[in-house]
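1. Sequence and predicted structure are below.
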Amino acid sequence: MSGSEKQTGDDQVPAWARRTAGESRWWATGAMVGLLGLQYFLPDELTPGPRWVVPAVGAVLLLVLVAASPYRLDREEMRLRRLGLLLMALLGFTMIWAVLRLVQGLIDGSVSDNAGGLLASGAGVWLSNFLVFALWYWEFDRGGPAARAHARKSYPDFLFVQMQNPDLADPEWEPQFLDYLYLSFTNATAFSPTDVMPMSRWAKLTMMVQSGISLITVSLVIARAVNVLK
């Protein structure tokens, strides 16, 4: 096969299934900054330790990651991968802590009896859930953004509409952070998959956990707030 024929064949492969330049890091970085800021403004009883600790540690990890790969997420290094996973673990631990503390407070009645404050706390926890899982989906699908840029894995963990209908999508389309943000939002509000299907077992389990957290948070906070208003 000649070089021109091989190039033509590669062009017919959708971007998500072949090597690309990698996506811009800034949407995901903006979500991480927003999530770290949100952690600072949560009530003290919903944060593990002083409220500045998680944002400070997270900011240091994020600055290292940005400095190492400031524009495109196509750099495959084990150290960077571990730092990224450490940041995801920190954000996830903080979110789970806030959910458990909120549920415990709702059950034993130790949370504020102010409906506005209760709804604000519940909204903060729900937003944390939404953003953390969006970042997890983005970080783990097909090995992460750098691995996706190098097309390391052939089979997707999440099946997007554009993958099912390639004739109706731009050949250069590939999933980026905003696609995972949409996936997380619809899963957190509908409590089930909508148009993005989980394919691997870890993806199904993770979506199930997110739906459960979202359902419990929303139902308990609303029920408590209605009771307070009465």
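-> Here it is on my side, so go on. Residues are numbered from 1 along each chain as shown.
2. What ranges does the protein have for its helices?
-> In the chain, the segments counted as helices under DSSP state H are 3-11, 26-41, 53-68, 78-108, 115-140, 145-149, 161-164, 177-190, 201-229.
3. and Leu80, how far is that from Leu87?
-> According to C-beta to C-beta, to the nearest Å, Leu80 and Leu87 sit 11 Å apart. C-beta here means a position set from N, CA and C on the backbone, and glycine is covered the same way.
4. Show me whatever sits in contact with both of these two.
-> Leu65 (C-beta atoms under 8 Å, 6 or more residues apart in numbering).
5. Could you tell me how many residues sit around Ala89?
-> 11 (other C-beta atoms under 10 Å).
6. count of residues packed around the closest residue to Pro48 other than its chain neighbours?
-> Spatial nearest neighbour of Pro48, excluding adjacent residues (C-beta to C-beta, 6 or more residues apart in numbering): Trp97 at 4.8 Å. Using other C-beta under 10 Å, Trp97 has 18 other residues around it.
7. who's in contact with Trp97?
-> By C-beta under 8 Å, 6+ apart, the contact list for Trp97 reads 46-48.
8. Could you measure from the spatially closest residue to Asp141 that is not a sequence neighbour over to Phe140?
-> Counting by C-beta to C-beta, 6+ apart, Asp141 lies nearest to Asp157, which is 4.7 Å off, once chain neighbours are set aside. Per C-beta to C-beta, Asp157 is found 7 Å from Phe140.
9. Would you mind listing the residues touching both of these two?
-> Trp202.
10. about what we covered before: by mean pLDDT, show me the worst of the helices of the chain.
-> Ranked by mean pLDDT, the helices of the chain bottom out at helix 3-11, with a mean of 46.
11. Give me the number of neighbouring residues for the nearest residue to Arg142 once chain neighbours are set aside.
-> Nearest-residue entry for Arg142: Lys153, 4.4 Å, with adjacent residues in sequence omitted and distances by C-beta to C-beta, 6+ apart. Per other C-beta under 10 Å, the neighbour tally for Lys153 reads 14.
12. Which positions within stretch 171-182 qualify as buried?
-> 174-177, 179-181 (16 or more other C-beta atoms under 10 Å).
13. now the residues you listed in CSV, with distance to Phe130?
-> Shown next, in CSV, are the buried residues of stretch 171-182 (distance: C-beta to C-beta, whole Å):
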residue, distance to Phe130
Glu174, 23
Pro175, 18
Gln176, 17
Phe177, 13
Asp179, 15
Tyr180, 11
Leu181, 8
